[in-house]
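J.: Curious how this folds, go ahead:
(one chain, ligands or ions: 1)
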Amino acid sequence: MTSGESPNEHKGQPGLVSAALSGLCPRCGGKTLFAAPAALADECANCGLDIRSLERGGRFVGVVTMLLALVLILAALGVDEWLRPPLWASFLFWGPLTVVSVIFGLRLYKTMWVYHQYEETQQP
Ligand SMILES: [Zn+2]
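T.: From the prediction side, this is the model:
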């Protein structure tokens with residue numbers, strides 16, 4: 001009897017956010033989706049899934065980046081009006097935040113896109 005604590009073998013999809021954070025391959029779940037912080041790998045180093053061909057349509061990525069940057073700039077301007085922080089504080093705060101947000105936004109967007117495309121290819 002090995003029914004003690006058999007883990008669920010149910011292979012559900014990982015949450016998109018955790019998939020984006022860890023860069024999980026939609027097919028094998030390996031951490032192979034990203035070759036750089038915000039750049040997809042050409043293919044999965046683990047199972048050989050052709051990630052680049054799933055990425056088609058990535059032309060929207062530029063729009064997403066611009067929208068994100070715009071929102072952050074507007075937010076920065078709003079905070080400036082509201083708190084009137086010293087300039088160095090603004091740079092210190094918004095610089096890293098912008099970089100992190102843009103990279104995370106791109107990762108999330110690309111992951112969503114690849115997972116969506118992958119599901120499409122899985123349908124008969
Ligand atoms: Zn894989």
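J.: Please point out which parts of the helix or strand bottoming out on mean pLDDT in the chain sit buried.
T.: Per-element confidence for the chain was summarised using mean pLDDT, DSSP states H and E. The lowest value among helices and strands belongs to helix 60-83, with a mean of 81. When neighbours are counted by 16 or more other C-beta atoms under 10 Å, the buried residues of helix 60-83 are found to be Val61, Val64, Thr65, Leu68, Leu72, Ala76. Just so you know, the C-beta spots here come from the backbone N, C-alpha and C atoms, and that holds for glycine as well.
J.: likewise stretch 81-92?
T.: Ser90.
J.: quick one: contacts of that stretch?
T.: Judged by C-beta atoms under 8 Å, 6 or more residues apart in numbering, the contacts made with stretch 81-92 from elsewhere in the structure are Ala76, Val79, Asp80, Phe93.
J.: these two touch, right, Arg27 and Tyr118?
T.: Yes. Proximity of Arg27 to Tyr118 meets the contact threshold set by C-beta atoms under 8 Å, at 6.9 Å.
J.: centre of the chain versus the lengthiest helix in the chain, how much separation?
T.: With residue count as the measure and DSSP state H as the assignment, the chain has helix 87-122 as its longest helix. On the basis of C-alpha atoms, centre = their mean, to the nearest Å, the separation between the geometric centre of helix 87-122 and that of its chain is 5 Å.
J.: what do you get for stretch 19-33?
T.: A distance of 10 Å separates the C-alpha centroid of stretch 19-33 from that of its chain, computed with C-alpha atoms, centre = their mean.
J.: and what of stretch 76-95?
T.: 27 Å.
J.: Check stretch 75-86 too.
T.: Here stretch 75-86 shows a centroid-to-chain-centroid distance of 28 Å under the convention C-alpha atoms, centre = their mean.
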